[in-house]
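1. got a sequence here, can you model it:
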Amino acid sequence: MTARAPASAGPTVVVATSNRGKLREIREILADLPIVFRALDAWPSIEFPEEGDDYAANAVAKAQAVAAATGLPALADDSGLEVAGLGGAPGPRSARFGGPGLTDGERAAALLQALRDHHGAARDARFVCVAALALPDGDVRSARGECPGRILDAPRGSGGFGYDPVFEVKSGTSMAQLPPEQKNAISHRARALRSLRDALLSLAGPIG
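-> Prediction:
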């Protein structure tokens, strides 16, 4: 049986992620919209398609799978970290970098180890995100966002998740050291999601 939010709460969009940090950020970034963003908890049997090496294809596939399974609009994103000295890696495979089963901290440590002999411009990097909104009728919208920076020599800060502690966004400051409102003003995910605002608002119908 499909779980739905009360009609009075506004339209429901299912967020196609099992990453709690990502879910929290999406809700924060889009908090002003008259939409209920539901977690996947109510649909534990949903399986995501295998991810490949293309952000847009990964995001669209996840959103479409969840929209088809739930009968509700679904919002997904695929994001990654691209490092100059690693030829743009780990890219779309950032969540799997270093091998399976690693924690965020272990994955960041693996990245720093891979860059131990890289300096200067080789540590230039960017976060990339493609967000996709899929409707049960098959309609899909997507948008891309980027955030430039560089890789630090050691982690700084305890906020955020993923590679945030090793990603410098301005001199001496990591993404993990920014308050959530500052991170959500400049992040790759925020930029991609904000480009989907009109599509999300259309789910609520005419306003006024």
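2. use CA for all of it now, contacts and neighbours both
-> Noted.
3. ok, longest helix in this structure?
-> helix 55-70 (DSSP state H).
4. residues contacting the closest residue to S79 other than its chain neighbours?
-> Counting by CA to CA, 6 or more residues apart in numbering, S79 lies nearest to C129, which is 4.1 Å off, once chain neighbours are set aside. C129 makes contact with 55, 77-80, 144-146, 188-189, 192 under the criterion CA atoms under 8 Å, 6 or more residues apart in numbering.
5. ok so, going back, what mean pLDDT does the following helix or strand past the longest helix of the chain have?
-> Counting by DSSP states H and E, the next helix or strand C-terminal to helix 55-70 is strand 74-83. The pLDDT scores in strand 74-83 average 97.
6. burial of the closest residue to A192 other than its chain neighbours, as a residue count?
-> Spatially, and ignoring its direct neighbours in sequence, A192 is nearest to G145 (4.3 Å; CA to CA, 6+ apart). The tally of other residues near G145 (other CA atoms under 10 Å) stands at 20.
7. start and end of stretch 39-59, how far apart?
-> From its first residue to its last, stretch 39-59 covers 16 Å (CA to CA, to the nearest Å).
8. next, the buried residues of it.
-> 39-40, 55-56, 58-59 (16 or more other CA atoms under 10 Å).
9. show me which of these is closest to R123.
-> Ranked by distance to R123 (CA to CA), those are led by Y55 at 21.7 Å.
10. one step back: tell me what the longest helix of the chain is packed against?
-> Packing partners of helix 55-70 (3 or more CA pairs under 8 Å, 6 or more residues apart in numbering; DSSP states H and E): strand 74-83, strand 124-134, strand 140-151.
11. what comes into contact with it?
-> In contact with helix 55-70 (CA under 8 Å, 6+ apart) are residues 2-3, 14, 16, 43, 46-49, 51-52, 72-79, 92, 129-136, 138, 140, 142.
12. also stretch 187-195?
-> Contacts for stretch 187-195 (CA under 8 Å, 6+ apart): 26, 29-30, 77, 79, 127-131, 143-147, 184-185.
13. return a ChimeraX selection command for the buried portion of those.
-> Per 16+ other CA under 10 Å, the buried members of these correspond to this ChimeraX selection:
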select :26,29,30,77,79,127,128,129,130,131,143,144,145,146,147,184
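14. quick one: end-to-end distance for stretch 11-28.
-> Calculated as CA to CA, the first-to-last residue distance of stretch 11-28 is 17 Å.
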